[in-house]
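>>> quick one: sequence plus predicted model below, questions after.
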Amino acid sequence: MAKTFVITLPDDLEQALTTEAERLNKSPEEIMLQVLSEQLTNPSRLGGIQQAEADPLLQLIGSLSVDVPDLAENHDYYIGQALHRELKGAE
C-alpha cells in the first residue's frame with residue numbers, strides 16, 4: 001500500500017529538484033521517488049560508505065611507503081606523538 005509523505009524542502013533543494021525534473025521531462029515527485037529508490041535499495045550507497053566514496057583522500061591510499069607496519073591501525077597514536085613533540089619543542 002502506498003503512503004503519502006509531506007515534506008518541506010529548503011529553497012536551494014527545491015530549485016535543484018525542479019531543474020532536474022525539467023531537464024528529464026519528469027515531475028518532481030518522479031525524481032524524488034527515483035532518488036529515494038536508488039538510495040534505499042542500494043545499501044552500499046548509504047551511510048559511511050557513501051561518504052568514503054566522496055572522500056578525495058581515497059586517491060592517496062597505497063601511494064605512500066613508510067617503515068611503520070602498524071600505521072593504519074595506530075595512526076592516532078603516531079599523530080598524537082608528533083603533535084606532542086611539536087608542542088614540546090615550541091616551549
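That came through fine.

>>> looking at the protein, which helix or strand is least sure?
Here the helix or strand of the chain ranked lowest by mean pLDDT, DSSP states H and E is helix 47-53, holding a mean of 57.

>>> what about residue 31, neighbour count?
Neighbours of residue 31 under the rule other C-beta atoms under 10 Å: 19. Glycine gets a C-beta too; all of them are placed from N, C-alpha and C.

>>> what helix or strand is it located in?
helix 28-41 (DSSP states H and E).

>>> same deal with residue 13?
Residue 13 is part of helix 11-23 when elements are defined by DSSP H and E.

>>> and that helix, what's its mean pLDDT?
Averaging pLDDT along helix 11-23 yields 93.

>>> residues contacting that helix, please?
Applying C-beta atoms under 8 Å, 6 or more residues apart in numbering, the contact partners of helix 11-23 are 9, 27-28, 30-32.

>>> how does it look with 7 Å?
With contact meaning C-beta atoms under 7 Å, 6 or more residues apart in numbering, helix 11-23 is reached by 9, 27-28, 31-32.
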